[in-house]
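Chemist: sharing a model that was predicted from the sequence below.
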Amino acid sequence: MIETLTTTVPSKTGGDSTMSVYLARPKGFAGPRPAVLVLHHKGGVDDFTRDRVTRLAEAGYLAAAPDFFHRTAGGDPDGHGKAMLDTQIIADAVAALETVKAATPVREEACATLGHCMGGRMSFLIASAHPVFAAAVVYYGGYMFGSRGEGPTPFDRLSGLRCPVAGFFGNDDTNPSPDDVERIDAELTRLGVRHTFHRYDGAAHAFQNFLNPVSHREAQARDAWGKTLSFLAAELKP
């Protein structure tokens with residue numbers, strides 16, 4: 001069962017904005033557990049994102065999905081992501097994690113980021129900005145070489161990563177393209193960041209999203225999710 005928490009963060013206009021955080025706890029929850037921030041794709045906290053939250057809770061994690069679109073609610077759905085600033089994304093993620101910690105016991109040394117599409121970009125961005133995270137999972141995160149607002153790009157922030165990364169990419173994707181993935185792979189290697197990238201033939205962007213029948217690839221999605229759970233189990237030890 002997913003419950004809704006709320007927290008207050010600064011709005012774009014200088015006032016306050018209420019952000020929802022959708023939390024699922026493991027069945028029979030008792031005591032501190034690892035926490036995974038699930039960073040949504042351009043569809044927001046939709047049925048796909050809620051499915052990932054539920055699956056992670058079933059695997060023993062506190063799983064929480066912040067609604068990063070809270071500042072643009074009611075606006076053009078295609079414009080939500082473009083309106084988000086990197087500094088706001090980072091601040092919202094920190095606020096979401098603190099909200100979860102206030103609501104339930106969390107193993108603070110065992111927190112992770114996990115995101116798809118724009119959420120994959122956010123996974124790199126947030127984990128690079130805050131050393132509190134013990135693992136990062138990135139699904140086909142694009143637009144790594146441009147910043148939203150002022151400040152360095154997610155690619156330029158990779159030097160701040162202090163945790164291992166598991167990445168999942170389709171070889172038919174164009175953003176990130178295979179060349180983009182190679183560039184990120186090489187940079188993480190140069191920086192000494194432990195990482196494993198999994199690349200899938202016959203898959204493009206959003207291959208795990210079952211809400212998109214054009215892009216969804218069942219076999220690749222199932223394999224990637226199994227590897228995700230293995231990675232999280234090794235790093236967070238639920």
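Modeler: Alright, I've got the coordinates.

Chemist: what about the residue lying closest to L188 once chain neighbours are set aside, how many neighbours?
Modeler: Distances taken as C-beta to C-beta, 6 or more residues apart in numbering place H195 nearest to L188, at 4.8 Å, with adjacent residues excluded. Glycine gets a C-beta too; all of them are placed from N, C-alpha and C. Here the count is done by other C-beta atoms under 10 Å, and H195 has 17 residues near it.

Chemist: go on, the one 5 residues further on?
Modeler: Counted with other C-beta under 10 Å, the burial measure for Y200 works out to 21 neighbours.

Chemist: I90 too?
Modeler: Summarising burial for I90: neighbours were counted as other C-beta under 10 Å, giving 18.

Chemist: and L37, which helix or strand is it part of?
Modeler: For L37, the enclosing helix or strand under DSSP states H and E is strand 33-39.

Chemist: parallel or antiparallel, which strands does that strand pair with?
Modeler: Sheet partners assigned to strand 33-39 using DSSP bridges are listed as strand 62-66 (parallel), strand 106-116 (parallel).

Chemist: show the average pLDDT along the helix or strand harbouring V137.
Modeler: Element membership for V137 (DSSP H and E) is strand 135-139. On average, the pLDDT along strand 135-139 is 98.

Chemist: helix or strand right after it?
Modeler: The first helix or strand that comes after strand 135-139 along the chain, using DSSP H and E, is helix 154-157.

Chemist: what's in contact with the strand holding L37?
Modeler: Taking contacts as C-beta atoms under 8 Å, 6 or more residues apart in numbering, the residues outside strand 33-39 that touch it are 25-26, 49, 52-53, 56, 60-66, 68, 93, 96-97, 100-101, 105-107, 110-116, 118-120, 122-123, 126, 232, 236-238.
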